[in-house]
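Enquirer: Pasted the sequence and its predicted model underneath.
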Amino acid sequence: MIISERIFKRLKELSMSQKEFAEKTGIQPSTISEWKKKKANPSSDKIMAICVALDVTPEWLLSGVGPAGNRKNRQDYYIIDKNSELGTLIETYMDTDDEMRARMMGYLTAFIDISGGRKK
């Protein structure tokens, strides 16, 4: 199955119209129609917007491997939109020196401890 086929399969599962999908992704409806008509795949710059709109992981969209519709599953790695809150947090962390990173991790650990632990 190619990427565009997974997109339309997922749209059907979500009972989402191509128009709704276009609105959620910012992708032109004519482009989406072309994917369906020509069995073409989206360009790489559209992948993250598609994943967010369909609530799937990039791994699933690109390969069909992994769960669809459950982005909360823990992975060995993460693909994160750098413009998201988590992306900003990671960017800020990466811009600090080793000493500051260690302090941040200490604060985070202490916060988790006093707030009753991690979310399951």
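Expert: Everything's here; your move.

Enquirer: which residues in this structure form helices?
Expert: With helices called from DSSP state H, the chain shows them at 3-14, 18-25, 29-38, 47-54, 58-63, 85-94, 98-114.

Enquirer: Most tightly packed of those helices?
Expert: Compared across the helices of the chain, helix 47-54 shows the largest average neighbour count, a mean of 19 (mean count of other Cβ atoms under 10 Å). Just so you know, the C-beta spots here come from the backbone N, C-alpha and C atoms, and that holds for glycine as well.

Enquirer: of the helices of the chain, which approaches I79 most closely?
Expert: Within the helices of the chain, the stretch nearest I79 is helix 58-63; the backing value is 5.1 Å (Cβ to Cβ).

Enquirer: packing partners for that closest one?
Expert: The contact analysis (3 or more Cβ pairs under 8 Å, 6 or more residues apart in numbering; DSSP states H and E) places helix 58-63 against helix 3-14, helix 47-54.

Enquirer: With distance to A110 and mean pLDDT as added columns, please give the ones you listed in a markdown table.
Expert: Formatted as a markdown table, the helices and strands packed on helix 58-63 follow (distance: least, Cβ to Cβ, whole Å; pLDDT from 0 to 100):
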| stretch | distance to A110 | mean pLDDT |
| --- | --- | --- |
| helix 3-14 | 40 | 95 |
| helix 47-54 | 32 | 94 |
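
Enquirer: Which one of the ones you listed lies nearest to A40?
Expert: helix 3-14 (6.2 Å).

Enquirer: So which helix or strand of the protein has the lowest pLDDT on average?
Expert: When each helix and strand of the chain is scored by mean pLDDT, DSSP states H and E, helix 58-63 comes last, with a mean of 88.

Enquirer: I'd like the helices and strands packed on helix 58-63 written out as JSON lines, with distance to E34 added.
Expert: JSON lines is the format used below for the helices and strands packed on helix 58-63 (distance: least, Cβ to Cβ, whole Å):
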{"stretch": "helix 3-14", "distance to E34": "9"}
{"stretch": "helix 47-54", "distance to E34": "14"}
